[in-house]
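**Student:** Fold the following.
(one chain, ligands or ions: 1)
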Amino acid sequence: MRRGVVVHGGAGSPRSLSDGPAGAAESAMHILVGGGDAVDASTEATRVMEDDERFNAGTGSVLRMDGIPYMDAAVMSSDEECGAVAYLTRTKNPVLVARKVLDTPHILLVADGAVEFARKCGFNDYDPATAASRARLERGTAEFGRGNRPKWPRNWATYKVDTVGAVARDGRGRFAASGSTGGTFPALRGRVGDIAMIGCGIFAGRHGAVAATGIGEEIIRKVLSKTVYDYMKEDISAQEAADRGIALFDRSISVGVITINDSGFGIASTTDMASHAITD
Ligand code: GLY
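**Tutor:** Residues are numbered from 1 along each chain as shown. I've put the predicted structure just below:
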């Protein structure tokens, strides 16, 4: 395989929505075929997914219990350059802000600092809420209550949460991973999941790239993306590495992984997951 991109729409997203990741993968592949690098391709795939309001990232992100979407995103390249934002509000494309952070000496900007940085980079004020996300908040509030004292679901770790993400390999053999999410509902104010934590939600290095999705707390406990990346250092396929990552979890926990390395790609999940891969 020379070039390739894999895109997912989140653990728990129905396969009937696979046209979303398919369109995002095509857009990213266009960049790779034009000689673009893996970081730009992976970022583009995640941007397209953020703009697709059927998924929990960017426009259409989950509204948290105070009615506001707080979004996390990250990008990493195989030469260990990384950028991330957490608890970002009122911005259209968190992954593009994370891509800008990658160009600074820092790795992670949060909350009002991330918003201020986004505005300085030219990202305008934008409300990512949609009619569907407002309706979801009403249903969620009826089920779990309002404010900072949710009635937690019986098994919170099985609660479905989507994230979008992509991994890419460019024609020069460089890899990149990216991810973006509106997080979970319910969640306490201030909660940040796996996506902004490098090694948990995404990881890339010279052996390949990994993006994870699912309940952030479960993913963080296993440092999942770095763990799966380390599997790829052994002489196993990208699919086998993804399968081994998913095997770390009880089947009742909603989690998914996509991988790419020199010889191919992998897609694995404990639940439905809209996804698409293109290689040449
Ligand atoms: N995986 C997204 C989150 O838990 O925030």
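**Student:** hey, where'd the strands end up in the stretch 101-250 of the chain?
**Tutor:** Using DSSP state E, counting those that start in this stretch, the strands found in the stretch 101-250 of the chain span residues 108-110, 164-169, 175-181, 202-205, 208-214.
**Student:** out of those strands, nearest to Asn56?
**Tutor:** strand 175-181 (6.1 Å; Cβ to Cβ). The way it works is simple: take the backbone N, C-alpha and C, and place the C-beta from them, glycine included.
**Student:** who does that closest one touch, helix- and strand-wise?
**Tutor:** helix 38-50, strand 71-77, helix 94-102, strand 164-169, strand 202-205, strand 208-214 (3 or more Cβ pairs under 8 Å, 6 or more residues apart in numbering; DSSP states H and E).
**Student:** can those go into JSON lines with extra columns for mean pLDDT, distance to Ile236 and mean neighbour count?
**Tutor:** Converted to JSON lines, the helices and strands packed on strand 175-181 look like this (pLDDT from 0 to 100; distance: least, Cβ to Cβ, whole Å; neighbours: other Cβ atoms under 10 Å):
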{"stretch": "helix 38-50", "mean pLDDT": "98", "distance to Ile236": "21", "mean neighbour count": "29"}
{"stretch": "strand 71-77", "mean pLDDT": "98", "distance to Ile236": "21", "mean neighbour count": "32"}
{"stretch": "helix 94-102", "mean pLDDT": "98", "distance to Ile236": "29", "mean neighbour count": "26"}
{"stretch": "strand 164-169", "mean pLDDT": "98", "distance to Ile236": "16", "mean neighbour count": "34"}
{"stretch": "strand 202-205", "mean pLDDT": "98", "distance to Ile236": "16", "mean neighbour count": "29"}
{"stretch": "strand 208-214", "mean pLDDT": "97", "distance to Ile236": "11", "mean neighbour count": "33"}
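**Student:** can you list these in a markdown table and add distance to the ligand?
**Tutor:** Putting those into a markdown table (distance: least, Cβ to the nearest ligand atom, whole Å) gives the following:
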| stretch | distance to the ligand |
| --- | --- |
| helix 38-50 | 13 |
| strand 71-77 | 6 |
| helix 94-102 | 12 |
| strand 164-169 | 9 |
| strand 202-205 | 11 |
| strand 208-214 | 6 |
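**Student:** Please compute how far stretch 194-203 lies from its chain's middle.
**Tutor:** Distance, stretch centre to chain centre, for stretch 194-203: 8 Å (Cα atoms, centre = their mean, to the nearest Å).
**Student:** go on, stretch 56-69?
**Tutor:** 15 Å.
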